[in-house]
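Student: Predicted model and sequence below, questions to follow.
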Amino acid sequence: MSPDLQHAAAETELELGAHLVTQRAGYSHHGIYVGDGRVIHYSGLCTSLHRGPVEEVSLQRFAAGHQVVVACDAQARYAGIEAVARARSRLGENQYRLLTNNCEHFCTWCVCGKARSEQVRACVAHPSVAARAVMGMCRALMAARRQHAQRAVWALQAA
């Protein structure tokens, strides 16, 4: 039931409502392509330790320097404009929950009509998968904090 990752996505070939996936440190991040180089995603914990809302961002910001692939959801019930409308209906929602309402839950709800996360299922079934994911996320968040702190120092030095 996990989405098959079909191919690397180029903005010119993305279809409206495409379920996008990008690999991050320890997990994969999901979003819905809504056209004009824009993606709606549950920002969740993808950039910091603070929860974020469902938001619309550029494809570049969504990818954050990582390759983007299109997921093929075998159980898809909604596509194109319908999937986009479902994604847009939740813009601003701020009820992110890592285990029950994350970016993958959001995207499967948009295209399949049912929220589910294969990443969560794998972590529950295989604790070693969860441990690797947590370690990867911690490393990535620590690196992001170091970058943020360094930028703050540079800004103070430049002032």
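Tutor: Perfect, thanks for sending it.
Student: Tell me how many other residues surround residue 101.
Tutor: 18 (other C-beta atoms under 10 Å). The C-beta positions use only the backbone N, C-alpha and C, and glycine is treated the same way.
Student: Could you do the one 10 residues further on as well?
Tutor: When neighbours are defined as other C-beta under 10 Å, residue 111 has 24 of them.
Student: List the contacts of it.
Tutor: 17, 19, 32, 73, 76-79, 83, 86 (C-beta atoms under 8 Å, 6 or more residues apart in numbering).
Student: If you average the pLDDT over the helix or strand hosting residue 83, what comes out?
Tutor: Assigned by DSSP states H and E, residue 83 belongs to helix 80-88. Averaged over helix 80-88, pLDDT sits at 98.
Student: again with stretch 18-38
Tutor: Rounded mean pLDDT across stretch 18-38 is 92.
Student: From the opening residue of that stretch to its closing one, how far?
Tutor: 11 Å (C-alpha to C-alpha, to the nearest Å).
Student: just stretch 40-53 next, same as before
Tutor: 10 Å.
Student: who touches the longest strand seen in the chain?
Tutor: For the chain, the longest strand by residue count, based on DSSP state E, is strand 27-35. With contacts defined as C-beta under 8 Å, 6+ apart, strand 27-35 is touched by 9, 14-23, 39-42, 46, 56, 59, 62, 64, 71, 83-84, 87-88, 103-104, 106-107, 110-111, 119, 133, 136-137.
Student: Using PyMOL, make a named selection holding only the buried ones among the residues you listed.
Tutor: Selection of buried members from the contacts of strand 27-35 for PyMOL, criterion 16 or more other C-beta atoms under 10 Å:
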select buried, resi 9+14+17+18+19+20+21+22+39+40+41+42+46+56+59+62+71+83+84+87+103+104+106+107+110+111+119+133+137
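Student: Any idea which helix or strand in this structure has the lowest mean pLDDT?
Tutor: strand 4-8 (a mean of 49; mean pLDDT, DSSP states H and E).
Student: Who are the packing partners of the next helix or strand after that one?
Tutor: Counting by DSSP H and E, the element after strand 4-8 in chain order, helix or strand, is strand 19-24. When contacts are defined as 3 or more C-beta pairs under 8 Å, 6 or more residues apart in numbering; DSSP states H and E, strand 19-24 packs onto strand 27-35, helix 59-63, strand 68-72, helix 103-112, helix 127-158.
Student: Quick check: residue 76 vs residue 113, distance?
Tutor: According to C-beta to C-beta, to the nearest Å, residue 76 and residue 113 sit 9 Å apart.
Student: Having no further points to raise, I will conclude here.
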